[in-house]
Each structure stands twice: as structure tokens, then as C-alpha cells.
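In: sharing a model that was predicted from the sequence below.
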Amino acid sequence: MATTAPAIDKDALRRKYAEERDKRLRADGSAQYVRLEREFSDLATDPYTPRVERDPVTDHVTFAFIGGGFAGLVVGARLKEAGITDYRIVEKGGDFGGTWYWNRYPGAQCDTASMIYLPLLEETGHMPSEKYAHAPEIRDHCSRIGRQYGLYGNALFHTQVTDLEWDEARKVWIVRTDRGDAFTAKYVGMGTGPLHVAKLPGLPGIELFEGKSFHTSRWDYGYTGGTPEGDPMTGLADKRVAIIGTGATAVQVVPNVARDAQELFVFQRTPSSVDERNNRPLERDWFDSVTGPGWQKAWQENFVANLGVGFPAEDLVDDGWTDLGKRIRAQVIDMPPEQRTPEGIMAAFEDADNEKMSEIRARAEAIVGGEAGEKLKAWYRQLCKRPCFHDEYLQAFTRPNTHLVDTDGKGVERITAKGVVANGKEYEVDCIVYASGFEVGTDFTERAGYDVTGRGGQKLSDYWAGGMKSFHGLHVHGFPNMFFVQQNQAAAFIANYPHNLVDHADTVACVVKHAEDKGHATVEPSAEAESKWIEFLLTGPGARLGSTECTPGYYNNEGQGYGEQERFAMGHPAGAMGFFSHIDQWRRSGTFEGLEFG
Ligand code: NDP
């Protein structure tokens, strides 16, 4: 809640932010990282589900979807509701879940309230157990959706698509995989997620380490003991553990390892901003009193409204995400009407942000204190990096066995046979946990692991060489019957990512149902509709994340920005709610303006 804070010297703060950012800039940018699956494939294997051999598949389905995370599940659910019975998900993991399949590290939990984050709560009748559900419950929910909508029978797990090719004569997609499959599908959808290619810091000596090491998305419970449900990791009781990285993942991992390891060293390059979490169990009576037909959509839309500068009646979620929106609105309300210009609102945003970040820094000082408390203070604007929320992370640094190794923006120097070198000192450890994140700055096709060949042999990688081009973020001209289920050029809503996916699923089902009912063979946006949509999007303020004035990270391509392509990673000029209202009307109109059916 807004408090009367001491006056903040804006210019001094801007200078401090710039100094801290400059310390962290590196000439090698994103090239400082290496891919787990490419350079360290032995560390990339699936530790959770054994791979089962099977014969290649060569049949035909109406709809094939690449990715078995939330996107593939919600599109499957909506298509089943629309009467499409042969829907196939192709997934590289051993089960549904996507990011929630891989990320089973101790303490993993959603950072956005379960009531709006977990898709299809109304349809499945599931009541989340906590305001912020833990990963096992989210994974169970993915299985629940899979079971309820009959998505398991046709799914291909532990299977990676290698090639997608449009066959113009037969009007089908040919889907080829690393299992030798070559089946056809009338429609394809892609929901490979923004953060699915794990990366390691490209540190000298990384291959020399003689102890145990793994990435957080491949947690080795065989070594650590314990379970994703939180049972103590007894295997760590006599171990010295290093965690490299202090992003959103590490913030959730650290308290658990601090609890169970003999000794823990946390290697920090940039501190995260860690605000309070205030998690709590949800009660049945309360849940029943706030839910009814249409409740989840209403909650999701209320959350969006509370992040913007409009004036929603109430704040249903009421958490750290909506707090910033509230603070900005409070500043705007206090402004004389003539100052409510775009510049005035940006200034109010900066004031609200400064106030918020001062409180977050004060929290580190109050909880941890001393030198570590100082080093845990984040010196950048809140949305420069992923905001974090946790009630045990900072507290972990008050334990005698837990040591913060701050590197003043330089990072770990190298790995040796025995441990980790930082600030010129070697820390001998038994185990290194890389909480080093996921690849973001590369082209979509490179991250997805396959290219798409559309009409006339056109490659998606070529078509998008100068930046993404789409109609509504979902359809691409020259790539008929293809749906791209992600956030850009649509709502671009990052604080509740699944909201984007459920909304696109509604559109996919609506368009496919129309095409099937009318007996159309193809559906594709016209070149004109696609260009007009992009022109319209470019009238807006552009990408809201990723300013190169920010401290480096994946939001801004390690401080270097994404160049010309970045202009196209934008959302609706009127914000997420602008897109959701637009598309709602577009779907309701039933004319599908901009799409051509053949
Ligand atoms: P991040 O990319 O956010 O963090 C990687 C960390 O590794 C950073 O702290 C980075 O430092 C550090 N690092 C990299 N190289 C070095 C080095 N040489 N020495 C020391 N430190 C180094 O990855 P995460 O996995 O934490 O999070 C990725 C994203 O996944 C989040 O931003 C969020 O979107 C999502 N996520 C969501 C969660 C949820 O909703 N519940 C939970 C966890 C993650 P630096 O910051 O200086 O680059």
C-alpha cells in the first residue's frame, strides 16, 4: 500500500541505476551463454520419465499441436469442446506440463495468483489449494486437463518436431519428428513457450568440475534426496552446494537448499527485487463465495485492468503485481487534469516505481542487514528485470550455513575441478546448481528446433528475418491453417501469461469450427490484413519491456537490445485489455475479417 515515503532524489537515483547497469554490461551479450541441449546434452536428458521406444507414426489428424504445456492443453480443450476429436499434441517432455514438467526444483511455485494463472479452473472445477500454488499441483492440473479432455490417447511424448512442411496439393501439413514420424495434419498449432531452452553460463572450466552439477530445470532428486513436494533433501545434509544465479528460479530454490544443505554459497551478479509474497491457503467457503459462471474470465480481466492506468472498481487479486498499478493510479488521481499527459503519466510511473523499489531495498536491509543486506538491494526500475516475491528468500541469508557471494556485477569467473571461482577466490563445493535461466534472444525457429516451410517453399525463418509478421499474433500470411499461440502482436501480457493462451485458444477453436462447418480446406490471413495489423500495432508505444537503459538481462538482450526486430515484439496500442476487447468483438462478429477461407 502507498505510504508517505521520504522524498526521493530522482536524479541521484537515475545516476545510481546507470552506474549499476554499466558495471554489468558485457561485450559478449547473449553469447556469454551456452545451450544445455547442445553443448551439455548429458545434462539435458529427462530425469523424470523414462523414454519408451515406439514405432514411427504416419497417420493423419485434423489438428497437430507442438508443445504440451498450457498452450497445447487449452487449445486441445477448446477444440474438443468444438467437436474436433482427433487432436494430437507432440511434446518433447515425458508428459504434459511444458515449463511445469521440467521445472520441478524445490520450492517451484507460480508467481501469479493461482485463481487467474491456472487455466480452465472453471471447466475442471479445481479449487487451487493456495493463493500461489506449488509446482506439483500445477503439474497435476495439466494432467487433469489432459485427462478431462481426452488428450493423452493421441499424444506423442519425448518427441521433438524436426520439420513442418505445407503440402499445397493435399492441403495438409507434414509433421516430421526425431522419432521418424511423418504424419499429416489439416491444421497445426505451435505453443513452444518463450522459455524452454535451458542455458548455462559459458564459464571456462565448466566441464572440469568433478562433483555433481545440474540445471534447475533438470533437478536431480536422486542425488539431493527429497521430492518436489518439499520433503527434506537428505542427500544434501553433508554437502557444500553452490547456486549460480539469483533470478526468479533461484529466489524459490535458495530457501530450500539453505534448509537442507550443510553449507550453501549463492553466487550473485545482479540482485533480484524481492517483495513480500503473502501466500496463504484458499478456503472452500471463500472459493465458493467468489466463483460462479464466468468467474475466471472476470478475475483475469480484473487483474489486467488493475495493472493499467484505468480505474477498476476493485482489485480481486490484490498482490505485488497490482500494487504498482495502484500506486501509479494514486499519483495520477493527485495530478491536476492538465498534467495528465503521456509524459505526466510516465513521470507518475517513475515516481511510483522509485517509491516501490525504495521499499523493496529497505526490506532487504531490514530482513538481512549488514553487508549482505546491502548487496541484496536491487538498483534498477522494477520492470527492468522479472519482479520476484518471496517470504523466505531474504531470510535464508540470515542462516549461518548460507553465504551470499556477491560479484559486484562481474559474475562467476570460472569453474575448477573442485568448485567455483569468484572475486579471485575458489569456493570448494560438492554440487553446483545452475539457476542460469533460459535462452531468449535467438530467433523463434532456432529456439523451437525446427523451421516451418509454408506455401511455395517459403521458410518462416526467412519470412520473419526482419521481425515477426502476423495477423493478431496468431495467423501468418503464406502459412495456411497454422496458429501461433503466444503473446506478441496480440495482448503481449506478461504478468499472467496463460491469459494470452486461453484467449488464443478461444480464437483457434472459433476459426477452426467455422472452417469445418463450412467445409473449407484452408484459412489464412490476407497479406493486406497482416500489414494493416502491424501498421496499427506500430502506432502504439512499442515493446514495454527491454529498454537498454535497464540493467542487462534477457528482457533487453543483455543490455544490447534486440535491434530492429524488437519493434515487432509489441502488443496492442491500447494495452492487453485493448487486445482482449478487440478480439472478443472480432470473434463475436462471425465475419472473421482479415482471414481468407479457401
Ligand atoms: P534468469 O535468466 O532470470 O536468471 C539467471 C540468473 O543467472 C541471473 O541471476 C544471472 O545474473 C545469473 N547468471 C548468469 N551468468 C552468471 C554468472 N556468470 N555468474 C553469476 N550469475 C550468473 O533465469 P530464471 O530461471 O531465474 O528465470 C527465468 C524466467 O523464468 C523468469 O524471469 C520468469 O519469467 C520465469 N520464472 C517464473 C517463475 C514463476 O512464475 N513461478 C519462477 C521462476 C522463473 P544476471 O541477472 O546478472 O544476468
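Out: It's in.

In: flag every residue of the stretch 1-150 of the chain that's near the ligand.
Out: Proximity of the stretch 1-150 of the chain to the ligand, by C-beta under 6 Å from any ligand atom, involves residues R24, Q109, C110, D111. To be clear about C-beta, it is placed using only N, CA and C from the backbone, and glycine gets the same treatment.

In: the stretch 301-450 of the chain too?
Out: Contact residues, the stretch 301-450 of the chain versus the ligand (C-beta under 6 Å from any ligand atom): R386, G411, V412, A435, S436, G437, F438.

In: ok, back up a step: I'd like the residues of the stretch 1-150 of the chain next to the ligand laid out as TSV, including pLDDT.
Out: Supplementary listing: those in TSV, determined by pLDDT from 0 to 100:
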residue	pLDDT
R24	92
Q109	97
C110	96
D111	93
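
In: in helices only, show me those residues.
Out: Counting by DSSP state H, these place R24 in helices.

In: now neighbour count and distance to R78 too, for the residues of the stretch 1-150 of the chain next to the ligand, in CSV please.
Out: Below are these laid out as CSV (neighbours: other C-beta atoms under 10 Å; distance: C-beta to C-beta, whole Å):
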residue, neighbour count, distance to R78
R24, 19, 43
Q109, 18, 27
C110, 21, 22
D111, 20, 25
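
In: out of the residues of the stretch 1-150 of the chain next to the ligand, which one sits closest to the ligand?
Out: D111 (3.5 Å; C-beta to the nearest ligand atom).

In: OK, contacts around the closest one?
Out: D111 sits next to Y132, A248, C388, F389 when contact means C-beta atoms under 8 Å, 6 or more residues apart in numbering.

In: switch the cut-off to 7 Å
Out: Y132, A248, F389 (C-beta atoms under 7 Å, 6 or more residues apart in numbering).

In: can you check A82 too?
Out: A509, V512, K513.

In: and the strands in the stretch 1-150 of the chain?
Out: Secondary structure of the stretch 1-150 of the chain (DSSP state E, counting those that start in this stretch): strands at 33-35, 60-66, 87-90.

In: any buried residues in the first one, and which?
Out: Looking back up the chat, that one is strand 33-35. Neighbour counts over strand 33-35 (16 or more other C-beta atoms under 10 Å) mark Y33, V34, R35 as buried.

In: ok, now the last one?
Out: Within strand 87-90, the residues that qualify as buried are Y87, R88, I89, V90, counting by 16+ other C-beta under 10 Å.

In: looking at those residues, which is nearest the ligand?
Out: The ligand lies nearest to I89 out of these, by C-beta to the nearest ligand atom, at 22.2 Å.

In: so the closest one is in contact with G69, correct?
Out: No: counting by C-beta atoms under 7 Å, I89 stays clear of G69, with 9.5 Å between them.

In: ok, back up a step: which of the buried residues of strand 87-90 sit farthest apart?
Out: Based on C-beta to C-beta, the longest span within the buried residues of strand 87-90 runs between Y87 and V90 and measures 11.1 Å.

In: need the residues of the stretch 151-300 of the chain near the ligand, please.
Out: The stretch 151-300 of the chain has residues 195, 201, 203, 244-250, 252, 267, 269-270 near the ligand, with proximity defined as C-beta under 6 Å from any ligand atom.

In: dump these into TSV; add pLDDT and secondary structure as well.
Out: Below are those laid out as TSV (pLDDT from 0 to 100; DSSP: H, G, I helix; E, B strand; the rest coil):
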residue	pLDDT	secondary structure
L195	77	coil
P201	94	strand
L203	95	coil
I244	98	strand
G245	97	coil
T246	98	coil
G247	97	coil
A248	96	helix
T249	97	helix
A250	98	helix
Q252	98	helix
F267	98	strand
R269	97	coil
T270	97	coil
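
In: could you pick out the longest strand of this protein?
Out: If you go by DSSP state E, the chain has its longest strand at strand 182-190.

In: what lies in contact with that one?
Out: Residues from elsewhere that reach strand 182-190 (C-beta under 7 Å, 6+ apart): 57-67, 75, 164, 172-176, 481-485, 508, 512.

In: helix, strand or coil for M468?
Out: Secondary structure, DSSP: H, G, I helix; E, B strand; the rest coil: M468 is coil.

In: so what's it up against?
Out: M468 neighbours (C-beta under 7 Å, 6+ apart): N488, Q489, F568, A569.

In: please apply the same query to L538.
Out: L538 makes contact with R567, according to C-beta under 7 Å, 6+ apart.

In: over to the one 10 residues further on?
Out: For T548, the residues meeting the contact criterion (C-beta under 7 Å, 6+ apart) are N556, G559, G561.

In: looking at those, which is nearest the ligand?
Out: Minimum distance to the ligand across these is 9.5 Å, recorded for G559 (C-beta to the nearest ligand atom).

In: the closest one: how many residues sit nearby?
Out: G559 sits with 20 neighbouring residues when counted by other C-beta atoms under 10 Å.

In: show the pLDDT at the closest residue in space to it that isn't next to it in sequence.
Out: Among residues not flanking G559 along the chain, P552 sits closest, at 3.4 Å (C-beta to C-beta, 6 or more residues apart in numbering). pLDDT, P552: 87.

In: tell me the secondary structure at P552.
Out: Under three-state DSSP, P552 comes out as coil.

In: so how many other residues sit close to it?
Out: As a burial measure, P552 scores 26 neighbours (other C-beta under 10 Å).

In: and what of G457?
Out: Neighbours of G457 (other C-beta under 10 Å): 10.

In: worst-scoring helix or strand of this protein, pLDDT-wise?
Out: Least confident element among the helices and strands of the chain, by mean pLDDT, DSSP states H and E: helix 36-39 (a mean of 69).

In: got the contact list for F580?
Out: With C-beta under 7 Å, 6+ apart, F580 has these contacts: E301, V304, A491, D503.

In: surely it forms part of a helix?
Out: Yes: counting by three-state DSSP, F580 is part of a helix.

In: any idea how far it lies from the ligand?
Out: F580 is 21 Å from the ligand, where distance means C-beta to the nearest ligand atom, to the nearest Å.

In: ok, of the contacts of D111, which one's closest to the ligand?
Out: Distance to the ligand, by C-beta to the nearest ligand atom, is smallest for A248 among these, at 3.6 Å.
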